[in-house]
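>>> here is my input; please provide its structure:
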Amino acid sequence: MVATGSLSNKNPASISELLDCGYHPESLLSDFDYWDYVVPEPNLNEVIFEESTCQNLVKMLENCLSKSKQTKLGCSKVLVPEKLTQRIAQDVLRLSSTEPCGLRGCVMHVNLEIENVCKKLDRIVCDSSVVPTFELTLVFKQENCSWTSFRDFFFSRGRFSSGFRRTLILSSGFRLVKKKLYSLIGTTVIEGS
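Predicted coordinates for the structure are as follows:
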């Protein structure tokens, strides 16, 4: 039974059912009054804070990919599926919610899997003033499209090769592995698709 209002606002039929089951009117009134004061209102500031934290995490991931595209990936463009970084950020927040310092205690290793080989892209420290309590390893996956390799082959020959650099297309799949640094509890693996 969920009680959210006072006894006077309750449906008379439900109250009579409770009375028929043996509840005394005095206890009903005190129970309803108790729940009126105990059930907290939703904290909108917390929801807004979590959304802004999620958006900051999305920006961190996108910046990591942007920095890595020319330095470590050797490509001119990285195409990211819609909402991929958003989904990853939400999973990261969910995994960090059970940690003593939350997201602040996280160190994230960002990798890209290309043809079954993992390439390190970056290391993101969420808060350098906090001793890390857990590590996350994020593995983006490359889309396996045959037309992109054909296009790269076609344009790498002939007059377009000097100005053309490949475009990397990420898959909507990813792997997120959580490793607690100060616990005997094993690792947690999330496969996103």
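
>>> determine the longest strand present in this structure.
strand 167-180 (DSSP state E).

>>> quick one: residues in contact with that strand.
Residues from elsewhere that reach strand 167-180, judged by Cβ atoms under 8 Å, 6 or more residues apart in numbering: 69, 73, 75-81, 84, 88, 91-92, 95, 112-113, 133-145, 148, 187-193. C-betas here are computed from N, CA, C, even on glycine.

>>> and the helix or strand that that strand is followed by, what does it pack against?
Per DSSP states H and E, the first helix or strand lying C-terminal to strand 167-180 is strand 188-192. Judged by 3 or more Cβ pairs under 8 Å, 6 or more residues apart in numbering; DSSP states H and E, the packing partners of strand 188-192 are helix 84-96, strand 167-180.

>>> quick check: mean pLDDT across strand 188-192?
Mean per-residue pLDDT for strand 188-192: 73.

>>> what's the angle from that strand to strand 167-180?
160 degrees (axes from the mean of the first three to the mean of the last three Cα atoms, to 10 degrees).

>>> the nearest residue to residue 77 once chain neighbours are set aside: neighbour count?
Computed as Cβ to Cβ, 6 or more residues apart in numbering, the closest residue to residue 77 that is not its neighbour in sequence is residue 167, at 4.3 Å. When neighbours are counted by other Cβ atoms under 10 Å, residue 167 registers 14.

>>> then residue 82?
With neighbours defined by other Cβ under 10 Å, the count for residue 82 comes to 8.

>>> swap in the one 10 residues further on?
Residue neighbour count, defined by other Cβ under 10 Å, stands at 26 for residue 92.

>>> report pLDDT for it.
94.

>>> wait, a strand at residue 59?
No: read with DSSP: H, G, I helix; E, B strand; the rest coil, residue 59 is helix and lies in no strand.

>>> so which residues of the protein form helices?
12-20, 25-38, 44-71, 84-96, 146-156 (DSSP state H).

>>> what average pLDDT does stretch 74-88 get?
92.

>>> need the contact list for residue 103.
Taking Cβ under 8 Å, 6+ apart as the test, what residue 103 contacts is 53, 57, 92-93, 96, 126-127.

>>> residue 70 versus that one, what's the distance?
Separation of residue 103 from residue 70 (Cβ to Cβ, to the nearest Å) stands at 28 Å.

>>> same question, residue 96
From residue 96 to residue 70 the distance is 30 Å (Cβ to Cβ).

>>> which one is residue 93 nearest to, not counting chain neighbours?
residue 54 (5.9 Å).
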